[in-house]
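Asker: Whatever this is, show me its structure:
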Amino acid sequence: QHGEGAILTRQRQRCDAWHLYETNPKDSKQLNLQPGWFRLQTNYDPWEQVPKYDDRRTPGVQNTEKFCKGGASVNEDTVLSVMTAWPTKNHHT
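Answerer: Predicted coordinates:
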């Protein structure tokens, strides 16, 4: 349903969830600030700093806000635009 969603991060013995409209309890350093209406996940845990040589998170968040017009236009086409924009999609990943 609208307004429901989460990133699930699984480890051997447990699973962490970061839900829409909630702060990530594991991100105490606030390394991954995102608007409440979406969650963007790359290859790195959401509470860890991404390496400078592979930061797809920052532009991914910016492109989500841009293409989805702040949440007003979230649909299959705009999400695909985010996923296929460089550097979120690049030949190194």
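
Asker: Check this protein for its longest helix and report it.
Answerer: In the chain, taking DSSP state H as the definition, the longest helix is helix 57-67.

Asker: how about that helix: buried residues?
Answerer: Arg57, Pro59, Gly60, Val61, Asn63, Thr64, Glu65, Phe67 (16 or more other C-beta atoms under 10 Å). Any C-beta I mention is one placed from the backbone N, CA and C, and that applies to glycine too.

Asker: Nearest residue to the middle of the protein?
Answerer: Leu40 (1.2 Å; C-alpha atoms, centre = their mean).

Asker: ok, the residue of the chain most remote from its centre - contacts?
Answerer: Distance from the C-alpha centroid of the chain peaks at Gln13, with 23.5 Å (C-alpha atoms, centre = their mean). Residues near Gln13 by C-beta atoms under 8 Å, 6 or more residues apart in numbering: none.

Asker: measure it to Leu40 for me?
Answerer: With the distance defined as C-beta to C-beta, to the nearest Å, Gln13 ends up 26 Å from Leu40.

Asker: Going by residue numbers, what spans are strands in the protein?
Answerer: Along the chain, the stretches classed as strands by DSSP state E are 6-10, 15-19.

Asker: mind checking which of those is nearest His92?
Answerer: Closest to His92 of these is strand 6-10 (C-beta to C-beta; 22.7 Å).

Asker: how about low-confidence regions in the protein?
Answerer: Per-residue confidence of the chain (counting by pLDDT under 70) places the weak regions at 93.

Asker: pull the CA atoms of stretch 41-53 into PDB?
Answerer: C-alpha atoms of stretch 41-53 as PDB (Å, rounded to 0.1, in the frame of the first residue of the first chain):
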ATOM      1  CA  GLN A  41      19.700   0.900  -1.300                       C
ATOM      2  CA  THR A  42      23.000   0.300  -3.000                       C
ATOM      3  CA  ASN A  43      25.600  -2.400  -2.300                       C
ATOM      4  CA  TYR A  44      26.500  -0.900   1.000                       C
ATOM      5  CA  ASP A  45      24.800  -1.100   4.400                       C
ATOM      6  CA  PRO A  46      22.600   2.000   4.900                       C
ATOM      7  CA  TRP A  47      24.300   3.000   8.100                       C
ATOM      8  CA  GLU A  48      27.900   2.800   6.700                       C
ATOM      9  CA  GLN A  49      29.800   5.400   4.700                       C
ATOM     10  CA  VAL A  50      30.100   4.600   1.000                       C
ATOM     11  CA  PRO A  51      33.500   4.600  -0.500                       C
ATOM     12  CA  LYS A  52      34.300   7.700  -2.500                       C
ATOM     13  CA  TYR A  53      35.200   5.600  -5.500                       C
END
